[in-house]
Each structure stands twice: as structure tokens, then as C-alpha cells.
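Participant: predicted model follows, preceded by the sequence.
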Number of protein chains: 6
Amino acid sequence: MTKPADLRKASREVRAVFDDIKQTRNVADVNNFWKYLARDPALLRRTWESVKATMAPGELDPLVKEMIYLAVSVTNGCAYCIASHTAAARKAGMSEAMFGELMAVVGMANETNRLANGYRVPIDPAFGG
Amino acid sequence: MTKPADLRKASREVRAVFDDIKQTRNVADVNNFWKYLARDPALLRRTWESVKATMAPGELDPLVKEMIYLAVSVTNGCAYCIASHTAAARKAGMSEAMFGELMAVVGMANETNRLANGYRVPIDPAFGG
Amino acid sequence: MTKPADLRKASREVRAVFDDIKQTRNVADVNNFWKYLARDPALLRRTWESVKATMAPGELDPLVKEMIYLAVSVTNGCAYCIASHTAAARKAGMSEAMFGELMAVVGMANETNRLANGYRVPIDPAFGG
Amino acid sequence: MTKPADLRKASREVRAVFDDIKQTRNVADVNNFWKYLARDPALLRRTWESVKATMAPGELDPLVKEMIYLAVSVTNGCAYCIASHTAAARKAGMSEAMFGELMAVVGMANETNRLANGYRVPIDPAFGG
Amino acid sequence: MTKPADLRKASREVRAVFDDIKQTRNVADVNNFWKYLARDPALLRRTWESVKATMAPGELDPLVKEMIYLAVSVTNGCAYCIASHTAAARKAGMSEAMFGELMAVVGMANETNRLANGYRVPIDPAFGG
Amino acid sequence: MTKPADLRKASREVRAVFDDIKQTRNVADVNNFWKYLARDPALLRRTWESVKATMAPGELDPLVKEMIYLAVSVTNGCAYCIASHTAAARKAGMSEAMFGELMAVVGMANETNRLANGYRVPIDPAFGG
């Protein structure tokens, strides 16, 4: 269970998803995440459709969305996700200076989250407490 | 140990930090987080100085920084931080539509982080794997 | 501190635990987890006794218990635990299709946990809120 | 931002999702989670469609899926999700004895995940290490 | 499923555990955690025996052990555990100044853990990398 | 973005921080963490100043502080931090027996945190509930 799907035997459903990923992202091949998810074609399709809808430009631009994705992945310590979304954020325009500021905010938030927990700070009435 | 510092007895150091928070943020009073941290004046000062430097405008604008802070807090499930940074992000310009998109990305990232873990996806060479 | 216990010098207590693991699981050797824990014989014994009692058949069958163990390990991102409990779950009967459904539920739960956090949803009275 | 959507003004899209939830689950009203998500109709619809597909009977029966959902929610400490999915699991047939065994496995997995981390146990070759 | 066990009907096994907790800790009553766990007498007994063995004085004194317990609970954001182990640590001798230093270390560790993740820092050879 | 800073081009600010780390810790070179953080000199300096102040001897001695740091890192599953702070704790005097007791407490706390979550235990009035 540590292998990607056998892509030579990929069903039409899997190939359709892969084609849509390549076209949407303008890439020659899909990355490992999708090749492993292809072991469950229904999960592959649902996940891709959600990712596609969620990451499309909207009120937030794609760079901001990629940096938010990276902030979550760094907080959770997901090595694969940190690697792939650092690449995606850079492709979307994240500079080295932006990366440094992003990491500073992520680190600070993880610190103050625990200070609020440990000091058992009650929510201010102004914030709905 | 479930109380804020006794502010009537606040030291000069604590009052100086509180004054700087009020002036920097243009608010009449500091929120509960700082009143509880004031039980340890050195920790209060270090934390405020880091927050002030980290959240100042830079390559990323304050709204983006507040949304990243909120993304981390939601991932960690820190109720106080979610309440206070939702308020801060709104004050910095987060609309209801932006909030919805932010939550969608945070939810999706938390989902795909676990799919990458469970499928034990190896990092692609292109991403430094 | 990155080594397993020196098993040639293993005490009688450690060997007794190892023998019980092998007999209970019908395996020729114990896996690395136990060899490392053997550095602290008392912790080894307590941990094995808890695992043995917890994972024994009861109202839930061993396959369900192994899948729950895997769900937790994937959520926490413990690479060792994901590898060993994926193997254990397969040995207990988890098919590829079951694995896909398990991952889908784990991913979905991690997503909706954060949506509930971010939207600050109050517990319904019917659920004890 | 601490309120559910104003359901008197709910769009046709929101009402269609609510009706599908009620019919699928055979309940008179949807729970708070959906009323809050309704603030973002597109997110509401995507989330419900994923939940509906993921939690439907398959290779794993609905009770097992609900217990996996609960195991993740307990690990993450999501109070809303613990309350709502304990209710859902009981409705799907979880007895008090099953709940006790579920909690025992969740607790044990969270413990051994950290022992594996702390002892830096390398993955056995047999598990793909 | 949101209630403690009905202690008027407590079995001999439950009462024996409660008596041992009271005697070991020299308290008049057990705290809520044990009253809820009593719904599953076998889990109650196993958990108490592990806690009793783990928290007993050894190479580390009880105060250090209680502070470590609190550091984990604050990191995980477990409100019940933060409240009960803050009380236990104070009873074991934690002063306000010690609490402040403990929180400072916990906050800092949570911050630098994420900086190490985000910068993808490889383990130094001297540390076993 | 998977590289340390180019130290041949290190600014005066970076070199000053490195010199202070070496002098404070009495080591010949800084470890990888600092070489990577050096990509953002301001973040490097702020982080080092916080670590230096937080880890200095105070009411808690350096060994206790290192063990608390390790407890958090093990809970979060940060591989780099576990490796570097295990080394630091040993240098500060942590014996093999102390390490075993530390891991036992960390494992137990992670287990009981989830039991408290799952059983939805209300905070006792004596603990501020």
C-alpha cells in the first residue's frame, strides 16, 4: 500500500481527472499526490473538484490562497504538502521576502495560540465572548 | 491562576507596553490576552515586541497577515485566537466573501494534508524530494 | 539516543514482554517500536499490557480497531505509526477499497473540524450544547 | 461573524441543500453546522456533497465511518464535532461499550504516536521503511 | 453520553479505583475526569494504574512531571487538562514565576517547531541526521 | 527554497547573531536551524533573542526547560526539533532514565487529553470550571 496507482491500467475516469489537472495548471504531468490518490478514483475526482473550485481566483487571489495553504501545512507538519505548496506559492509569485514574513506570522500564531490556551484567557465581549 | 494581572498594581514596564499597544493599534484599551500575559511582564514585553514587528506592513499587507494568523488559529482550534483574529481581520478589511474563501482553503488544506500522510506520498524530485 | 536497546543484554523482564508479543501476534520477531521502547523496561511492559488489552477483540472487532488506530495516526502525521498500522490493518483484513473509504472519512473529518472551528458553530441543544 | 446565515433570506441554492440533508438523514431540521456554513452557499453545497458521498454505505458500514469521524474529532479536540458525531454514532448503533473501546483505542494511539516520535523509531523494512 | 457514571451503582471495581486515587493523592473526592471514565470500569482501572506509575516520583520529581503534563496539554489545547494540571502543578509547588517561564518555553517551542518545518531544515549529522 | 542562506555573503547582522549563539552556547558552529533562518536576517535575530531570553536559567533550570521543549516537539511530531532538543537535553544533563520518564509522561498526557475530550468532561469548580 505504498505505491501509486498503476497508471498503465488507469480507468477513463482517472485519465479524465489527470487531463483536467494538466490543462488547468498548464503542466506536463501531475504530481505524486494525484498518482497516489488515483488508487481510489472516486476520491481522486472529488478531491480534485474541491481543490479546483477552492483554489480558483475569487475574492482572494491565487497567491494569497497558496500562502494560506502553506501556513496550514507548516502548522500540521505535513512534509509533502510543505514541499509541494512552497513550490506552488513560488510559482504564483511568492518572493523570498514574502516567504520570510509568512513564516514569521505562522510561527508567532503558533506561539500565541498556546499562550492564550495556557493563560486560559476568556474571550472579550467585543469578540463575541 | 485563572485571573488577569491586577492592573491597579501594574508596574511601569507593563504600563509602557499597554500604552504602546493602544497607540500602535489606535484602541482605547488592550484586549484580555495582554491583561493575562501581564502576569509575567518580561513575557508580555517580548511577546508584544514580536507581534508588533511581525504584523507590521511589509511585503505582505496587514490583511493577508491577519488571514494567515486566523488560518493557523483555526487549524489549531484556539477559540480565543479565532475570536480575536476574526475581529482583527475584519477590521483590516476582510469581507464575508473573503472569510468564506479563507475557510474553504483552510478546510481543504487540512483534508489534503491527511490524504498525503495516509497515502504516504513521496516528495516529487521537482519539489526537492 | 537514536538506538534500540542492546537486545543481547536484555533483561528477563524485556524478554518476557517480547515473548508475549510474539505469541499473541503469532510473529517471529517484534517490530522496531518495541525494540526501542525496551530501553525503558517498565515503560515497555506498561505500554504492551495496555496495547494488548485495548486491541483485543471486544464489542469492536480487531479490523475496526486497527482502522481507528490508523485514522488517529494519519491525523497526527506519525510516519512510523502510519506504516506499521497500515500493515496491521491489512493483515486484519482491510482491503484497498476499505482503505480508500477510511482515508476519505479521515480527510473529510479533518476538513469539517476546521470549518466548525472557523465558523464558531455553537453546539446544538440536542447534542448537549 | 458569529451568526448563522439569515435563513429567512436563504437562496434557492441553500434551501435545496437543506432539503437534501433533511431527506437523506430523515430529520426535521438541519443542525447548526449547516446553518452557519450557509453564509457561503458554494462552500455549503460542496461540503454537503462531499459529506454525503463520503459517509454513504460502502465497503465500510455507516457505524464504522461515524466512529472513525469521532476518532479524528477527539484527536483534534473539536468540541462541536465531538458532540455532533457522538450523537450520530449512537444513532447509527454505537453502544456504551463500543464507545468505551473506541476511546481506549484513540487514547492509546495518541500515546504510542508520541512514543514513536520521541524514540525516533525507524520504519521497519517490512512496513516499507 | 454526556454524563458521568451513576456512582450510586458503582461496582466494587470502580470503588476500589476511587479509593486508591483518594488515598494516593490524599484528597476527599476524585475529580470529574475519573467520574466520567468510570462509565468504562476497565478503562478507568488501566488509565489510573498507568497515571499512578507514570507520575510517581522517580528520576524526575513530581513538580517537573506535572509541568511536562501541562506543557503537552497546552500544546494540544485540552481545556479540561489545562485546568486540572495547572491546579496539580501549583499543588506540587509551581510558583507564578515558574508558570510564566513554563509558558514562555511552550510558546517558543511551538513557534520554532513551525519554523523548522517551514524552512525544511535537515537534521544535522551531529544530531543523528 | 530548500537551502540555507549563502553564508559567504552573510551580512554583518547575520554574523553578529551567529557569533552570539556560538559564544552563549560555547559551540564552534551554529546548527542548521540558524543557517536556514539566516535567509531572513530580521527573523533570525528576533528568534534568537527570544530563544536566548527564554532558555536562560531562571526559576526553572536549563535541563527542565530543555525537557519541556522536547515534550512539545514530541507532541507536535517535529523531527528536526526532536533530534536537536534531545541532544540539547542530554548535554544539559538528561540521563537515559530521565528520558524514559519524560516520554512516559508525554505519552500519558497525550492519551488522557483525548479521553477528557471524548468523554466531554466538564471542568471541576475547584479548577475554575
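Facilitator: Received, thanks.
Participant: just the pLDDT for the residue sitting nearest the centre point of chain A.
Facilitator: Centroid check for chain A by CA atoms, centre = their mean gives A:Tyr69 as the closest residue, at 4.2 Å. As predicted, A:Tyr69 sits at a pLDDT of 98.
Participant: distance check, it against B:Glu111.
Facilitator: Remark: distance between A:Tyr69 and B:Glu111 (CB to CB, to the nearest Å) = 11 Å. C-beta: built from backbone N, CA, C; applies to glycine.
Participant: list the buried residues for the longest helix along chain A?
Facilitator: Using DSSP state H to define each element, chain A has its longest helix at helix A:96-118. Using 16 or more other CB atoms under 10 Å in any protein chain shown as the test for burial, helix A:96-118 gives A:98-118.
Participant: compute the inter-axis angle for that helix and helix E:96-118.
Facilitator: Interaxial angle of helix A:96-118 relative to helix E:96-118 (axes from the mean of the first three to the mean of the last three CA atoms, to 10 degrees): 150 degrees.
Participant: next to chain D, which bits of chain A? Give me the list.
Facilitator: Contact residues (CB under 8 Å from any CB of the partner chain) of chain A with chain D: A:2, A:42, A:46, A:50, A:53-54, A:128.
Participant: can I have the buried ones of these as a ChimeraX selection?
Facilitator: In ChimeraX, this line selects whichever of the residues of chain A next to chain D come out buried by 16+ other CB under 10 Å:
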select /A:46,50,54
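Participant: tell me the contacts of the nearest residue to A:Val27 once chain neighbours are set aside?
Facilitator: Closest residue in space to A:Val27, ignoring its immediate chain neighbours: A:Ile21 at 7.6 Å, by CB to CB, 6 or more residues apart in numbering or on different chains. Taking CB atoms under 8 Å, 6 or more residues apart in numbering or on different chains, we find A:Ile21 in contact with A:27, A:30, A:34, A:48.
Participant: tell me the buried residues within those residues.
Facilitator: A:30, A:34, A:48.
Participant: what about those, which are in helices?
Facilitator: Within those, residues falling in helices by DSSP H are A:34, A:48.
Participant: got a list of contacts for stretch A:45-63?
Facilitator: A:13, A:17, A:20-21, A:24, A:34, A:37, A:65-66, A:68-69, A:89, A:92-94, B:67, B:95, B:97-98, B:101-102, B:104-105, B:108, B:111-112, B:115, C:104, C:107, D:42, D:46, D:50, D:53-54.
Participant: what pLDDT does A:Thr54 get?
Facilitator: pLDDT, A:Thr54: 97.
Participant: okay, and it sits in which element?
Facilitator: A:Thr54 belongs to helix A:41-55 when assigned by DSSP states H and E.
Participant: hmm, back to that, what sits in contact with each of A:Tyr69 and B:Glu111?
Facilitator: Overlap of the contact sets of A:Tyr69 and B:Glu111 (by CB under 8 Å, 6+ apart) is empty.
Participant: so which of the buried residues of helix A:96-118 reach chain B?
Facilitator: Applying CB under 8 Å from any CB to these, those adjacent to chain B are A:98, A:101-102, A:104-106, A:108-113, A:115-117.
Participant: and the furthest pair within those?
Facilitator: Distance extremes for these: the farthest pair is A:Met98 and A:Asn117 at 28.8 Å, using CB to CB.
Participant: what residues does chain A have near chain E?
Facilitator: Residues of chain A lying near chain E (CB under 8 Å from any CB): A:70, A:74-75, A:77, A:79, A:82-83, A:86, A:102-103, A:106-108, A:110-115, A:117-120.
Participant: look up how far chain E lies from A:Arg25.
Facilitator: A:Arg25 sits 23 Å away from chain E, going by CB to the nearest CB, to the nearest Å.
Participant: ditto for A:Lys3
Facilitator: 25 Å.
Participant: which pLDDT value does the model give that residue?
Facilitator: 86.
Participant: SS state for it?
Facilitator: Classification of A:Lys3 by DSSP: H, G, I helix; E, B strand; the rest coil places it in coil.
Participant: that one and B:Met103, how far apart?
Facilitator: In terms of CB to CB, A:Lys3 sits 34 Å off from B:Met103.
Participant: same question for A:Val30.
Facilitator: From A:Val30 over to B:Met103 (counting by CB to CB), the distance is 26 Å.
Participant: equivalent analysis for A:Ala97, please.
Facilitator: Taking CB to CB as the measure, A:Ala97 falls 27 Å from B:Met103.
Participant: and if you look at A:Arg120?
Facilitator: Distance, A:Arg120 to B:Met103, using CB to CB: 26 Å.
Participant: how many neighbours does the residue nearest to A:Ala10 when sequence neighbours are not counted have?
Facilitator: Closest residue to A:Ala10 apart from its sequence neighbours, by CB to CB, 6+ apart: A:Ala38 at 6.5 Å. For A:Ala38, the neighbour count with other CB atoms under 10 Å in any protein chain shown is 24.
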